[in-house]
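Colleague: take a look and give me a structure for this.
(one chain, ligands or ions: 1)
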Amino acid sequence: MKLRNHSLIKRINRSRVMNVIRVNSPIARSEIAAETQLDRKSITNFITELLDEKLVIESGRKENISGRPYSLLKFADNFVAGIYIAPHLCRGVLIDFYGNIIASHEIEYPLYADLTTICRAVENIYHELGSVHVPEFGVGISMPGSLNLQTGTMEEAVNIPSLSGVNVRKTFSAFIDKPLFLEEESRSIALAEKWFGKGRNHDDFVVVEVSAGVGMGIVAGRRLFKGAGQYAGEVGHVVIEPDGRRCRCGNKGCLETYASEPAVVKALSEYGKCGFERLRYFPKNSISRKDYERVMNEVGYRLGQGLAAVVNILCPRTIIFSGAVIDLFGTAILAPVREGINRNSVKSNAGQTELFVSELEHVDALGAATLPLANIFEVPGYFYI
Ligand SMILES: [Zn+2]
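Modeller: Numbering: from 1, shown residues only. A predicted model of the protein is given here:
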């Protein structure tokens with residue numbers, strides 16, 4: 001790629017310098033030069049600029065072999081926030097530029113809460129996090145649904161009906177006085193894995209989130225694949241059973257009618273003796289080990305059946321799972337998922353794909369927090385970490 005635009009080249013190089021500091025700090029100027037292959041003068045200019053902007057600070061001194069002292073650099077204490085809006089709760093994290101979670105906060109509300117309740121929860125979380133450190137560099141908000149990123153309007157949110165048709169950018173900007181970034185839930189979870197999780201070392205991978213629905217985020221060449229209209233990844237509506245269970249999308253036999261949180265709650269309730277609405281409240285002693293495993297194996301196999309299409313078409317190196325259903329079953333569900341994939345996809349592809357359960361804490365809110373980070377560390381269209 002030949003870049004003629006000087007300010008664009010400068011922006012890319014500055015992001016590269018920032019990223020080397022992110023991965024290696026505390027770090028010396030000479031090491032940054034070696035890592036980025038930029039000349040000493042450019043490094044000096046960038047570092048002076050970053051020190052002036054108080055993004056970077058000196059962090060102690062060292063001596064080289066000849067006894068000459070040199071200083072080390074690291075990021076100053078600057079913060080961003082991520083807030084995730086779920087159908088039944090809102091969760092936020094405050095992180096530094098390295099991705100360390102400095103504070104987190106969660107507020108529950110009833111399923112299908114109205115817009116005022118949800119806004120109050122988002123606002124409270126924002127203030128709660130801000131009382132620890134102000135997220136000066138921005139706030140990311142993620143939520144499930146068909147979100148139009150150009151207009152900021154939630155076109156349809158089946159699981160949070162009170163957000164449907166709402167311009168969420170305008171609504172949240174009324175009380176968030178820092179730069180605001182939006183993204184759809186599964187895609188922001190994919191970003192969390194890309195920055196901090198199992199996706200860190202892969203160019204291409206997918207993230208599957210199994211909660212109220214089954215969503216997917218696709219990372220290709222270190223950037224999100226969004227598709228036309230930005231709605232790629234609706235794996236939950238892959239039909240796995242012709243004429244099967246009726247789905248909220250209007251079709252029959254969609255994956256999420258067999259493998260989402262409501263489907264699993266229903267299956268476990270049928271075996272168990274007590275009713276519950278969400279998997280985090282599932283009383284494990286209410287059903288036998290055998291019935292519990294039967295449900296897990298069925299759900300896992302169904303997931304694999306739906307994902308076989310993804311494996312056939314994309315052949316991702318890695319699939320990373322998260323969400324309420326995965327939180328319940330843990331890594332034990334990967335065996336039936338693997339079986340479902342193997343039986344329903346071509347061998348050559350299935351053999352390439354590894355399956356993992358996410359190891360990130362608060363992955364949903366963390367994903368939202370990567371949005372303002374990307375605004376600092378990446379150059380859209382040119383440089384992705
Ligand atoms: Zn459907």
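Colleague: give the next helix or strand downstream of the helix ranked longest in the chain.
Modeller: When the chain is parsed with DSSP state H, its longest helix is helix 289-314. Using DSSP states H and E, the helix or strand that follows helix 289-314 in sequence is strand 318-322.
Colleague: in its sheet, what does that following strand sit against?
Modeller: Applying DSSP bridges, strand 318-322 is found paired with strand 205-210 (parallel), strand 354-357 (parallel).
Colleague: of the ones you listed, which is nearest Gly233?
Modeller: Smallest distance to Gly233 across these (Cβ to Cβ): 8.0 Å, for strand 205-210. No exception for glycine: its C-beta is placed from N, CA and C like everyone else's.
Colleague: now the element after the closest one, going C-ward?
Modeller: Downstream of strand 205-210 (by DSSP H and E), the next one is strand 214-220.
Colleague: quick one: residues contacting Gly300.
Modeller: By Cβ atoms under 8 Å, 6 or more residues apart in numbering, Gly300 lies in contact with Phe329, Ile333, Leu334, Ala335, Pro336, Val337, Glu339, Gly340.
Colleague: which residues touch the fifth one?
Modeller: When contacts are counted by Cβ under 8 Å, 6+ apart, Pro336 touches Met296, Asn297, Glu298, Val299, Gly300, Tyr301, Leu303, Gly304.
Colleague: report the central residue of this structure.
Modeller: Among the residues of the chain, the one closest to the centroid is Ile189, at 1.6 Å (Cα atoms, centre = their mean).
Colleague: mind checking the SS state of the closest residue to that one other than its chain neighbours?
Modeller: Using Cβ to Cβ, 6 or more residues apart in numbering and skipping residues adjacent in sequence, the residue nearest Ile189 is Gly367, 4.6 Å away. Here Gly367 is helix, with the state taken from DSSP: H, G, I helix; E, B strand; the rest coil.
Colleague: pretty sure Gly367 is touching Ser142, no?
Modeller: Yes - here Gly367 reaches Ser142: they are 5.8 Å apart, a contact under Cβ atoms under 8 Å.
Colleague: ok, the residue nearest to Ile189 - how many residues close by?
Modeller: 34 (other Cβ atoms under 10 Å).
Colleague: sorry, back to before: flag every buried residue along the longest helix of the chain.
Modeller: Using 16 or more other Cβ atoms under 10 Å as the test for burial, helix 289-314 gives 292, 295-311, 314.
Colleague: which stretches of this protein form helices?
Modeller: For the chain, applying DSSP H gives helices covering 6-24, 29-36, 40-52, 115-130, 168-173, 185-196, 256-259, 261-271, 289-314, 324-329, 334-344, 347-350, 363-377.
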